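Novice: Just a sequence and a predicted model for now, questions to come.
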Amino acid sequence: NGVAVSGKTNPVSKQTLQRFLGIDALKFANPVYVNLLTASPSSDGPDANTAPTVTEWSASRKPVYNSETTADAVSATTPYWGGLTLENDMVQISNQRTIGWDSTDLGSVGTNITVNAVAVFDAETSGNLLYWEELTLSRIVNNGDTFQFGVDRLKIRED
């Protein structure tokens, strides 16, 4: 009989999340991009080397930078990932500054679009899906609406 080891310690979770903050040698691209999904992925990927196919809404992915310094080089309102915290034995980072799509961004998304999930990608187009999660409550979006995650409302967690 074999044993599948799947639990990990907080130091390993911290090291994984530091890739978003530009600290780890294997850091993710800067920025990474957030977008909303109209259908959740059915799994983490069809095989060990491939991310799942996702159904994104038609609005553009939004950049989130690895630090306040790199975000400020773009604008004083550009979102970035905050420092590591521990919540209920889960290590997490969260957005600092609002990540949002305004009425111009959503001027042509259609009507009665149901947003079910949020995803983080390593590129502005195509690229790899890094993390995803279903929203607690789906939301209906129409042309000209706004959608946003206020400060500390979008968290990337590692157990």
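Specialist: Arrived safely.

Novice: residue ranges with poor pLDDT in this protein?
Specialist: Along the chain, segments meeting pLDDT under 70 are nowhere present.

Novice: Just give me the longest strand of it.
Specialist: Longest strand in the chain, counting residues (DSSP state E): strand 129-141.

Novice: tell me what that one is packed against?
Specialist: Contacts defined by 3 or more C-beta pairs under 8 Å, 6 or more residues apart in numbering; DSSP states H and E place strand 129-141 against strand 113-121. Placement of C-beta: from N, CA and C, glycine included.

Novice: re the thing from before, which neighbours in the sheet does the longest strand of the chain have, and how are they oriented?
Specialist: Here strand 129-141 has these sheet partners by DSSP bridges: strand 113-121 (antiparallel).

Novice: mind listing what's buried in the strand it pairs with?
Specialist: The neighbour-count check on strand 113-121 (16 or more other C-beta atoms under 10 Å) flags I113, V115, N116, A117, V118, A119, V120, F121 as buried.

Novice: Stretch 147-157 now?
Specialist: Judged by neighbour count using 16+ other C-beta under 10 Å, the buried positions of stretch 147-157 are F147, F149, L154, K155, I156, R157.

Novice: now stretch 38-49
Specialist: For stretch 38-49, the neighbour count (16+ other C-beta under 10 Å) marks T38, S40, P41 as buried.

Novice: possible to save those residues as a markdown table with distance to A71?
Specialist: Conversion of these to a markdown table gives the following (distance: C-beta to C-beta, whole Å):
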| residue | distance to A71 |
| --- | --- |
| T38 | 28 |
| S40 | 28 |
| P41 | 28 |
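
Novice: Thank you, goodbye.
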